[in-house]
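K.L.:
Sequence below, structure please.
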Amino acid sequence: MQRQVSALGRRSFLQTAAAVTAASTLPRWFVEESRAADETPANAADRPRVGLIGCGGMGRADAKAASRFGDIVALCDVDEMRLADAKKDWPDAETLTDFRRLLEKPEIGVILCGTVDHWHALVSIAAMRAGKDVYCEKPLTLTIEEGQHVILAAKETSRILQTGSQQRSDDRFRLACELVRNGRIGKVKHVDVFLPTGQRGGPFSPSNVPSGFNWEMWQGPTPAVDYVRERTHVTFRYWWEYSGGTMTDWGAHHNDIVLWGLGEERSGPASIQGKPMVEMIPGGYTAASEYDVHYTYGSGITHRCQSTTANNWFGGVVDKEGPQHGVKFLGSDGWIFVSRGVIEASNPELLVESLPTSAERLYVSKDHMGNFFDCVKSRHPAICEPEIGHRSASVCHLGVIAIRLGRELKWDPAAERFVDDPEADRWISREMRQPWTWDAV
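P.N.:
Numbering: from 1, shown residues only. Take a look at the predicted model:
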């Protein structure tokens, strides 16, 4: 469908105003269509037994969501204080401090992986090889190579894996992507993504490892260093060693939507150029807190991803000025902006006119955890199956590599290698500390 904005004026202004009374309101036609796709919780007889690995905030949130569909029977964390907190919510669950012992339990069919980022791939692969289906928090991986290993393990084991990029199960994001893919804003020229600014703090000093916290196990495959409190728990996100700052934390959400809207979810950009916008403090967080990354796709569409001080989710609002974080698709006939709870357009009529029956429609999921458990039963791929999670993480990893190298990079999305750039290729993977290698799981 390639309609001009003027062709959408068949409905009156009053109908438009009633259907789109606020940025958070979905158009009536889309709501009516979506009702037929509502998912229902699994029957009590179908409830699998579930183990949670990583009992931090996201892990417990995932477990609470999963509790609607399965029974949480085991909890695992290297921090005994977090285990004790999780035990309050699931007092009958068994507690363990080594995820390998949990995976040995044949009665557990589903694993929730809520660990820090650098453990996602290893835990997910080990779980699938142990015959478990996996819901893994985003970003799915710490490196591009890790994603390739996850995809291979899923194929070899025929297990279901869902990546926790839950915006794909949000009506507003699906609506935005369907409209963009069906030409509602004409030919797409550019996409802007705004992500929250990260933390910029330090220097930090080593201290004694807290009682009940297995620091050696927490570090896992990453380089061994002295314990620093700020490296762990919520603020692990701001260290290159364990994550990619908000570029991978929030980018795994919003850049994922870019790929979905452009139809690039099994491919990626052809070139990337990035730079940090502020120097980090020596001895402090290492991941760039402010950055600007430019992508170009084979189609010629450009995509800019930059940090904004507005609406910072970690560390509080630093500056109320600046654009709201989210995704803005710009085309020859207008624009569509989408974020959590918000969808807007350059002309509200772009949202109001329904899509024709011949339009391309996207995978419908009304509940991200529900979709996962439905797929556990049906054995159909989840909405964020391994390659989707891998590609969404990869576009963020490419941005991180460009930021760290500070120059333009050429990328071959089919081969998943940089073009004639051995220096950049070395960043596709990272050396893994013994004994935590691929063979170990």
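
K.L.:
Can you name the residues that contact S392?
P.N.:
Listed by Cβ atoms under 8 Å, 6 or more residues apart in numbering, the contact set of S392 reads 138-140, 163, 165, 252, 255-256, 259, 265, 384. Quick note: C-beta positions are derived from backbone N, CA and C, even for glycine.

K.L.:
and which of the residues you listed is nearest to P356?
P.N.:
Of all those, the one with the least separation from P356 (Cβ to Cβ) is E265, at 23.0 Å.

K.L.:
Count residues in the vicinity of that closest one, would you?
P.N.:
E265 has 21 neighbours, counted by other Cβ atoms under 10 Å.

K.L.:
That one is in contact with G389, isn't it?
P.N.:
No. At 10.1 Å, E265 and G389 do not qualify as touching, with contact defined as Cβ atoms under 8 Å.

K.L.:
quick one, what contacts T232?
P.N.:
Residues counted as contacts of T232 (Cβ under 8 Å, 6+ apart) are 116, 213, 218.

K.L.:
ah, wrong one, I meant R229
P.N.:
With the criterion set at Cβ under 8 Å, 6+ apart, R229 makes contact with 204, 207.

K.L.:
gap between it and P223?
P.N.:
Distance of R229 to P223, given as Cβ to Cβ, to the nearest Å: 18 Å.

K.L.:
So which residues of the stretch 101-250 of the chain form strands?
P.N.:
Listed from the start of the chain, the stretch 101-250 of the chain has strands (DSSP state E, counting those that start in this stretch) covering 110-113, 133-136, 161-163, 188-196.

K.L.:
how far out from the middle of the chain is the one helix or strand V258 maps to?
P.N.:
Secondary structure assigned from DSSP states H and E places V258 in helix 251-262. Taking the mean of its C-alpha atoms, helix 251-262 sits 9 Å from the chain's own mean (Cα atoms, centre = their mean, to the nearest Å).

K.L.:
tell me what it is packed against?
P.N.:
Taking 3 or more Cβ pairs under 8 Å, 6 or more residues apart in numbering; DSSP states H and E as contact, the helices and strands that helix 251-262 lies on are helix 171-181, strand 188-196, strand 302-308, strand 326-331, helix 386-405.

K.L.:
Go through the ones you listed and name the closest to V78.
P.N.:
Nearest to V78 among those is helix 386-405; the distance by Cβ to Cβ comes to 23.1 Å.

K.L.:
and the closest residue to D333 other than its chain neighbours, how far is that from S299?
P.N.:
Setting aside the residues directly before and after it, D333 is nearest to G186 in space (Cβ to Cβ, 6 or more residues apart in numbering), at 3.2 Å. As judged by Cβ to Cβ, G186 and S299 stand 14 Å apart.

K.L.:
can you check V376 too?
P.N.:
Applying Cβ to Cβ, one obtains 36 Å for the distance of V376 from S299.

K.L.:
who has more neighbours, these two?
P.N.:
More neighbours surround V376 than the other of V376 and S299, with 24 against 13 (other Cβ under 10 Å).

K.L.:
Would you check that that one makes contact with D133?
P.N.:
Yes. Using Cβ under 8 Å, V376 makes contact with D133 at a distance of 4.9 Å.

K.L.:
What's opposite V327 in the beta bridge?
P.N.:
V193, V338 (DSSP bridges).

K.L.:
mind listing what it touches?
P.N.:
The contact partners of V327, taken as Cβ under 8 Å, 6+ apart, are 176, 191-193, 254, 257-258, 261, 337-339.

K.L.:
May I see the PyMOL selection of the buried members of those residues?
P.N.:
Command for PyMOL, covering only those of the contacts of V327 found buried under the criterion 16 or more other Cβ atoms under 10 Å:
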select buried, resi 176+191+192+193+254+257+258+261+337+338+339
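
K.L.:
Out of the contacts of V327, the closest to R101 would be?
P.N.:
Proximity of the contacts of V327 to R101, judged by Cβ to Cβ, is greatest for H254, which lies at 36.8 Å.

K.L.:
Quick check, the closest one in contact with H325.
P.N.:
Yes. Judged on Cβ under 8 Å, H254 makes contact with H325 at a distance of 7.0 Å.

K.L.:
any shared contact partners between those two?
P.N.:
194-195, 339.

K.L.:
that older thread, can you tell me which of the contacts of T232 is nearest A288?
P.N.:
V116 (18.8 Å).

K.L.:
By neighbours, which of the contacts of T232 wins?
P.N.:
For the contacts of T232, neighbours were counted using other Cβ under 10 Å, and V116 has the most, 25 neighbours in all.

K.L.:
in this structure, which segments are predicted with low confidence?
P.N.:
When residues are selected by pLDDT under 70, those of the chain lie in 1-24, 36-45, 310-322.

K.L.:
Now do the domain split for it, please.
P.N.:
With automatic domain parsing serving as the domain definition, the record reports that the chain contains domains spanning 44-167, 171-361+386-440.

K.L.:
want to try TSV for the ones you listed, with distance to E32 as columns?
P.N.:
As requested, those are arranged in TSV below (distance: least, Cβ to Cβ, whole Å):
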stretch	distance to E32
domain 44-167	22
domain 171-361+386-440	9
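
K.L.:
tell me the most buried of those?
P.N.:
Each of these was scored by mean neighbour count; the highest is domain 44-167, a mean of 21, by mean count of other Cβ atoms under 10 Å.

K.L.:
Next up, the contacts around F30.
P.N.:
When contacts are counted by Cβ under 8 Å, 6+ apart, F30 is found next to 171, 175, 354.

K.L.:
which SSE is it in?
P.N.:
helix 28-35.

K.L.:
orientation of that helix relative to helix 171-181 in degrees?
P.N.:
Note on geometry: by axes from the mean of the first three to the mean of the last three Cα atoms, to 10 degrees, helix 28-35 and helix 171-181 are set 110 degrees apart in direction.

K.L.:
which parts of helix 28-35 are buried?
P.N.:
So, applying 16+ other Cβ under 10 Å, buried residues of helix 28-35: 30, 33.

K.L.:
can you give me how far it is from the chain middle?
P.N.:
Using Cα atoms, centre = their mean, we find the averaged C-alpha position of helix 28-35 to lie 26 Å away from the chain's own average C-alpha position.

K.L.:
any idea which helix or strand comes after that helix?
P.N.:
strand 49-53.

K.L.:
what's next to that next one, contact-wise?
P.N.:
59-60, 62-63, 66, 70-77, 86, 93, 99, 102-103, 105, 107-115, 123, 127, 132.

K.L.:
ditto for stretch 357-368
P.N.:
Identification of contacts with stretch 357-368 by Cβ under 8 Å, 6+ apart yields 1, 34, 37-39, 65, 162, 164, 166, 168-169, 171, 174, 177-178, 181-182, 260, 355, 371, 383-384.
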